[in-house]
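Asks: dropping the sequence and predicted coords here.
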Amino acid sequence: MKKIHIKSKIPVLYVREGKSFVAYSPALDLASCGPTMPEAKKNFEEALDIFFEECLSMGTLSAVLESCGWVRSRKNGWHSPVVVGQSSVNVPRAAMA
């Protein structure tokens, strides 16, 4: 199997949903969960490994990364999108019916 090296960090957001924690990365639109934050992180890292293995085995890695906004540089390989901010917005009252 072809190996590729990606030296990039991706942002991972952690959200509590009831008694579970969800780990989500917008850089790959990939998520996993667990009963604790450390378990959610561990499960996310396993999902990340599987994600890359599957993309490589199907020959779709470049297309998938490009569709997620990654940029390829000849010199430094792939670079993930960078989160530049986060905010909260009010939900319209009509949506709370």
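Replies: Looks like it came in fine.

Asks: what sits up against stretch 41-55?
Replies: Stretch 41-55 has contacts (CB atoms under 8 Å, 6 or more residues apart in numbering) with 1, 6, 12, 14, 23, 25, 28, 30-34, 61, 64-65. Bear in mind the C-beta positions are built from the backbone N, C-alpha and C, glycine included.

Asks: okay, buried residues for it please.
Replies: For stretch 41-55, burial by neighbour count (16 or more other CB atoms under 10 Å) applies to 41, 43-44, 47-48, 51-52, 55.

Asks: which of the contacts of stretch 41-55 are buried?
Replies: Buried among the contacts of stretch 41-55 by 16+ other CB under 10 Å: 12, 23, 25, 28, 30-34, 61, 64-65.

Asks: which ones among those map onto strands?
Replies: Applying DSSP state E to those, the entries found in strands are 23, 25, 30-34.

Asks: about what we covered before: Serialize the buried ones among the contacts of stretch 41-55 to TSV and add fields for distance to Arg74 and pLDDT.
Replies: Below are these laid out as TSV (distance: CB to CB, whole Å; pLDDT from 0 to 100):
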residue	distance to Arg74	pLDDT
Val12	28	95
Ala23	32	98
Ser25	25	96
Leu28	22	96
Leu30	26	97
Ala31	31	98
Ser32	32	98
Cys33	37	98
Gly34	38	98
Leu61	17	93
Val64	20	96
Leu65	15	95
